[in-house]
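[1] Dropping a prediction and its sequence here:
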Amino acid sequence: MAKKVQLECTRTNGRWNKGDKAGFEHETAAKMLKAKNAAWKSTAAAAKPAGGAGEGGGAAS
């Protein structure tokens, strides 16, 4: 099974609503991201580092 690329819809587009996430084959995802006026963005670019509030980085009392 080929690894899929996760994309997020940036505006309502056909059956997709803003904020929807979906996995696509690499070639299909590349075409969708390169399209003029693309309605998709890669979620990998928006990935946040692990760890949130209260996890490390603070001074222990």
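    In hand now; what should we look at?
[2] So what touches the stretch of helix or strand residue 8 belongs to?
    Taking DSSP states H and E as the criterion, residue 8 maps to strand 5-9. Under the contact criterion C-beta atoms under 8 Å, 6 or more residues apart in numbering, strand 5-9 has outside partners 16-26, 29, 32-33, 39-44, 46. In this view, the C-beta of every residue, glycine as well, is placed from N, C-alpha and C.
[3] Run through the strands of this structure in chain order.
    5-9, 21-24, 40-42 (DSSP state E).
[4] So which of these is the most surrounded?
    strand 5-9 (a mean of 18; mean count of other C-beta atoms under 10 Å).
[5] That one pairs with which strands, parallel or anti?
    strand 21-24 (antiparallel), strand 40-42 (antiparallel) (DSSP bridges).
[6] From residue 9, how far off is residue 17?
    Per C-beta to C-beta, to the nearest Å, residue 17 is found 7 Å from residue 9.
[7] try residue 35
    13 Å.
[8] got it, and residue 3?
    If you go by C-beta to C-beta, the gap between residue 3 and residue 9 works out to 20 Å.
[9] Equivalent analysis for residue 18, please.
    6 Å.
[10] Poorly predicted segments of the protein, please.
    When residues are selected by pLDDT under 70, those of the chain lie in 1, 45-61.
[11] Now do the helices in it.
    Per DSSP state H, the chain carries helices over the ranges 26-34.
[12] middle-most residue in it, spatially?
    residue 43 (1.4 Å; C-alpha atoms, centre = their mean).
[13] my guess is residue 2 contacts residue 27, does it?
    No. Judged on C-beta atoms under 8 Å, residue 2 makes no contact with residue 27 at a distance of 9.4 Å.
[14] Settle it for me: which of the two has more neighbours?
    residue 27 (10 against 7; other C-beta atoms under 10 Å).
[15] so what's residue 42 up against?
    By C-beta under 8 Å, 6+ apart, the neighbours of residue 42 are 5, 6, 7, 8, 29, 33.
[16] Leaving out the residues flanking it, which one is nearest to the first one?
    Closest residue in space to residue 5, ignoring its immediate chain neighbours: residue 29 at 3.9 Å, by C-beta to C-beta, 6 or more residues apart in numbering.
[17] Many thanks, have a good one.
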